[in-house]
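here are the coordinates; sequence isn't available:
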DNA sequence: AAAAAAAGTGAACATTCCATGAAGTTTCCA
DNA sequence: TGGAAACTTCATGGAATGTTCACTTTTTTT
């Protein structure tokens, strides 16, 4: 990636201009939006790596905007808030997000931006959680989340889900799944897999449909 | 901290005196230095919380001084520059730094000073201690506090808590915890971890629920 | 359309794994 | 060197998970 693109969302033109100056001075590309709705429409057309969003905005405040964005893409957001704004709400920050209190120093803004970018884009490479719409599967943390809320999957359930999702599209026979998830020296019947698939689908809710039965062969994870 | 100590570095005695008057009037302690070299020697003997440094100084200009200081300690610096000085250089401000253009109003100086101090020392707290609601874990001080009162955790207990909390969400197997907390050449059984987890949960009270058992894998700290 | 094959389901049963308390061992410090 | 604190081990009961089985439903084959 040669340069990061940062979207600045603030209803005050002066503030946008100020921030643009800082950011461009440090080599970032900048796009501006006047409010959350405007920002969402831009996101459909331009690839953006980071958002700087004012908390107080007309039509859609920063938090609502964030909520809306996170539903579809994984975009880090830095909130800008005037001193005294609803700082308590900001405690609900997602991992990778940050906030800055206005007024801020140029150095602070740039430091936060650099820090969040580093965190977000390094983390993904190292961490590589699998993401399928609202479903996220994190092998390292051994955690699967649906719309951000953790699913309580058992060992075998998680194992099956991970294997299928990791190579989505590929069909795995029950025997293969037993081999991979249970280990080489298992002695379970293939029917056991069915049972786990059942509870897995149950726990996944609507997303359970992504685990497809391939008749006569086995199962696959289809996006 | 009852009062901050601020070092004023300027080759003009008049300017130093002026700034000292402002600062002391606002309750700060002040030490003076005539140039960068002088300032560095003072830093070895006096604990200083903030520097006000003129950009144009004999022997060692403000930026060179800053560069030298940052090599060893993390000290915020506010640069003083006459209008027309090399303002472009100031773009290389580190986080926590700021600058003021001379001549300035007393109020402006004090506002910048207060702002930088607030940001710097607030920020440092955030960095050194992990906070999860009423629970605070300070690796450096090797201390965990619950609602402000210190918990008396043993070495292993603290180690486990810190590792889990530091990477909250990630699951650690008992073997991993032994590896990390006990060190590479331990010979304890994995059951030992269970026992420490037990006492840890006990000492943490309600917050003990944040240490979750991941069946078949190990433990994790969940917020 | 009937039969056969494969997959889904729910509940009983079996197993694995963990929390716990008590007792034993080591380490640390006065 | 004695005692306290920290650490470790062990056995046990119980909870969470995993497995099987009999049966039903779905899909495919003939």
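Looks like it came in fine. Just so it is clear, the structure is predicted and the values come from calculations on it, not from any experiment.

the bottom helix or strand of chain A by mean pLDDT?
The helix or strand of chain A with the poorest confidence is helix A:106-127; it has a mean of 68 (mean pLDDT, DSSP states H and E).

got the residues of chain A near DNA strand C?
Where chain A comes near DNA strand C, counting by Cβ under 7 Å from any atom of the strand, the residues are A:174, A:191, A:194-195, A:197-198, A:201, A:213-218. For the C-beta atoms, the positions are set from N, CA and C on the backbone; glycine is no exception.

which of those residues lies closest to residue B:60?
Residue B:60 lies nearest to residue A:201 out of those, by Cβ to Cβ, at 69.6 Å.

Identify the residue spatially nearest to the closest one, adjacent ones excluded.
Nearest residue to residue A:201, sequence neighbours excluded (Cβ to Cβ, 6 or more residues apart in numbering or on different chains): residue A:208, at 3.4 Å.

Wait, that neighbour touches residue A:199, no?
No - taking Cβ atoms under 8 Å as the definition, residue A:208 is not a contact partner of residue A:199, at 9.8 Å.

Report the central residue of chain A.
The centre of chain A sits closest to residue A:74, judged by Cα atoms, centre = their mean, with a distance of 3.6 Å.

And the closest residue in space to it that isn't next to it in sequence, its phi and psi?
Distances taken as Cβ to Cβ, 6+ apart put residue A:131 closest to residue A:74, at 6.9 Å, once the chain neighbours are dropped. In terms of degrees, to the nearest 10, the main-chain angles of residue A:131 are phi -130, psi 130.

Identify the bridge partners of residue A:131.
residue A:136 (DSSP bridges).

Now do the helices in chain A.
Secondary structure of chain A (DSSP state H): helices at A:13-25, A:36-43, A:62-72, A:106-127, A:155-166, A:174-177, A:191-204.

Now do the residue lying farthest from the centre of chain A against residue A:173, distance only.
Computed with Cα atoms, centre = their mean, the residue of chain A farthest from its C-alpha average is residue A:187, at 38.4 Å. Remark: distance between residue A:187 and residue A:173 (Cβ to Cβ, to the nearest Å) = 17 Å.

One more: residue A:22?
Taken as Cβ to Cβ, the span from residue A:22 to residue A:173 is 57 Å.

Between those two, which is the more surrounded one?
Higher neighbour count among residue A:22 and residue A:173: residue A:22, with 20 against 15, using other Cβ atoms under 10 Å in any protein chain shown.

State the distance from the more buried one to residue B:78.
18 Å.

list the contacts for the nearest residue to residue A:73 once chain neighbours are set aside?
Take residue A:73 and drop its neighbours on the chain: the residue closest to it by Cβ to Cβ, 6+ apart is residue A:43, 7.3 Å away. Neighbour list for residue A:43: A:7, A:69, A:73, A:75 [criterion: Cβ atoms under 8 Å, 6 or more residues apart in numbering or on different chains].

Now for the second one, how many residues are close by?
Pointing back at residue A:69 there. When neighbours are counted by other Cβ under 10 Å, residue A:69 registers 19.

While we're on it, how confident is the model there?
Note on residue A:69: pLDDT of 81.

try the first one
Model confidence at residue A:7, given as pLDDT, is 94.

which residues does it bridge with?
Beta-bridge partners of residue A:7, as defined by DSSP bridges: residue A:31, residue A:51.

got the contact list for it?
Contacts of residue A:7 by Cβ under 8 Å, 6+ apart are A:30-33, A:39, A:42-43, A:46, A:48, A:50-52.

mind putting these in TSV, distance to residue B:157 included?
Listed next are those as TSV, based on distance: Cβ to Cβ, whole Å:
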residue	distance to residue B:157
A:30	48
A:31	50
A:32	51
A:33	49
A:39	46
A:42	50
A:43	46
A:46	50
A:48	44
A:50	39
A:51	40
A:52	41
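
For PyMOL, write the selection for the buried entries among these.
This is the PyMOL syntax for the buried subset of the contacts of residue A:7, where burial follows 16 or more other Cβ atoms under 10 Å in any protein chain shown:
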select buried, chain A and resi 30+31+32+33+39+43+48+50+51+52
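
between the contacts of residue A:7, which is closest to residue B:162?
Nearest member of the contacts of residue A:7 to residue B:162, counting by Cβ to Cβ, is residue A:50, at 30.1 Å.

Show the contacting residues for the spatially closest residue to the closest one that is not a sequence neighbour.
Spatially, and ignoring its direct neighbours in sequence, residue A:50 is nearest to residue A:6 (4.8 Å; Cβ to Cβ, 6+ apart). By Cβ under 8 Å, 6+ apart, the contact set of residue A:6 is A:23, A:28-31, A:48-52, A:113.

contacting residues for the one residue in chain A that gets nearest to DNA strand D?
Across chain A, the shortest distance to DNA strand D (Cβ to the nearest atom of the strand) belongs to residue A:154, at 2.8 Å. Contacts for residue A:154 (Cβ under 8 Å, 6+ apart) come out as A:199, B:215-216.

Equivalent analysis for residue A:10, please.
A:16, A:19, A:34, A:52-54, A:57, A:80 are the contacts of residue A:10 under Cβ under 8 Å, 6+ apart.

For chain A, what lies in contact range of chain B?
A:25-26, A:103, A:105-108, A:110-112, A:138, A:140-143, A:150, A:154-155 (Cβ under 8 Å from any Cβ of the partner chain).

let's go with 10 Å and repeat that
Contacts of chain A with chain B, taken as Cβ under 10 Å from any Cβ of the partner chain, map to A:22, A:25-26, A:91, A:95, A:100-101, A:103-112, A:114-115, A:127, A:138, A:140-143, A:145, A:150, A:152, A:154-156, A:158-159.

Would you write out the PyMOL command that picks the buried residues out of the residues you listed?
Here is the PyMOL selection string for the buried members of the residues of chain A next to chain B, based on 16+ other Cβ under 10 Å:
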select buried, chain A and resi 22+100+101+104+105+106+107+108+109+110+111+112+138+141+142+143+145+156+158+159
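
wouldn't residue A:141 be in contact with residue B:164 here?
No - using Cβ atoms under 10 Å, residue A:141 is not in contact with residue B:164, being 11.6 Å away.

which residues do the two both contact?
Residues touching both residue A:141 and residue B:164 (Cβ atoms under 10 Å, 6 or more residues apart in numbering or on different chains) are B:170-172, B:220, B:222.

May I ask which of the contacts of residue A:154 has the most neighbours?
Within the contacts of residue A:154, residue A:199 tops the neighbour count with 14 neighbours, counted by other Cβ under 10 Å.

Now that one: closest residue in space, sequence neighbours ignored.
The shortest distance from residue A:199 to any non-neighbouring residue, by Cβ to Cβ, 6+ apart, is to residue A:157 (6.3 Å).

Over to residue A:104?
Computed as Cβ to Cβ, 6+ apart, the closest residue to residue A:104 that is not its neighbour in sequence is residue A:80, at 7.9 Å.
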